[in-house]
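Engineer: everything below, folded, please.
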Amino acid sequence: MQNLYMLTAVDVRRAEVAGSSRATTIEKLTIPPIKFMTASHNPGGGVMGGEFVLPRIEPLEPAFSVKGIDTDIFGGMGVRDKWTFAGAYRDKKTNKAVPARGVIEGAITEWEPDESDPGEFQGCTHAFKEVTHFEFLLDGQELWYIDFWERVIRRSGEDLFAADRQALGA
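Structural biologist: All right, here's what the predicted structure looks like:
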């Protein structure tokens, strides 16, 4: 039987700055969706076109929202930094809490305050661009490892671009 994991808590912090946890102010986080790129082909002598999957992905755009105004963000906006997106998942089969970690290197490029009124905390959303590294682990198991500079994309430990690097002589 497949395990069912339920998200129970989240945090976002600068990976290399002690005390930068946002566990009590974070409202939600967006682990970036993984979308493989495709190449269109419409053969002149064929009966249909096709979209062929490439061993590369579209740019990643993680984000997170906090309640209140997080002034720490402004000191690093527009500069690539290393971030940890952390989650606690409850394995519904065993009732055990398991960790999830997303390590992201990217630059926060957007600050979007919510509409607000004095009766509620104002929320702000922070979005990333220039993401050059992403890894995601669940209970210590690597599900994704993607690095722009290394030219590596692993899905559950399988290096999807290894043959291409080898063909290039790298």
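Engineer: quick one, strands of this protein?
Structural biologist: Assigned by DSSP state E, the strands in the chain fall at 5-14, 26-30, 36-41, 50-57, 63-67, 80-91, 96-113, 123-138, 141-147, 152-155, 158-159.
Engineer: deepest in the core, which of those is it.
Structural biologist: With neighbours taken as mean count of other CB atoms under 10 Å, the strands of the chain reach their highest mean count in strand 63-67, at a mean of 20. Every C-beta, even on glycine, is put in place using the N, C-alpha and C of the backbone.
Engineer: direction included, what does it pair up with?
Structural biologist: strand 26-30 (antiparallel), strand 123-138 (antiparallel) (DSSP bridges).
Engineer: outside of it, which residues touch it?
Structural biologist: By CB atoms under 8 Å, 6 or more residues apart in numbering, the residues outside strand 63-67 that reach it are 12, 22, 25-30, 85, 110, 121-128.
Engineer: for this protein, which element, helix or strand, carries the lowest mean pLDDT?
Structural biologist: strand 26-30 (a mean of 91; mean pLDDT, DSSP states H and E).
Engineer: TSV for the strands paired with strand 63-67, including distance to Val98?
Structural biologist: Output for these, formatted as TSV (distance: least, CB to CB, whole Å):
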stretch	distance to Val98
strand 26-30	17
strand 123-138	7
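Engineer: among those strands, which is nearest Asp70?
Structural biologist: Asp70 sits nearest to strand 123-138 of all the strands paired with strand 63-67, at 6.5 Å, using CB to CB.
Engineer: could I get that closest one in CSV with only the CA atoms?
Structural biologist: Extracted as CSV, the C-alpha positions of strand 123-138 are listed here (Å, rounded to 0.1, in the frame of the first residue of the first chain):
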residue,chain,number,x,y,z
GLY,A,123,0.3,39.2,4.2
CYS,A,124,3.1,39.5,1.7
THR,A,125,4.2,37.1,-1.1
HIS,A,126,7.8,36.7,-2.1
ALA,A,127,8.6,35.1,-5.4
PHE,A,128,12.0,33.7,-6.7
LYS,A,129,13.6,33.9,-10.2
GLU,A,130,17.1,33.0,-11.3
VAL,A,131,16.8,29.6,-9.6
THR,A,132,19.9,27.7,-10.4
HIS,A,133,19.7,24.9,-7.9
PHE,A,134,16.8,22.9,-6.5
GLU,A,135,16.7,19.7,-4.5
PHE,A,136,13.8,18.1,-2.7
LEU,A,137,14.0,15.3,-0.2
LEU,A,138,11.2,13.5,1.7
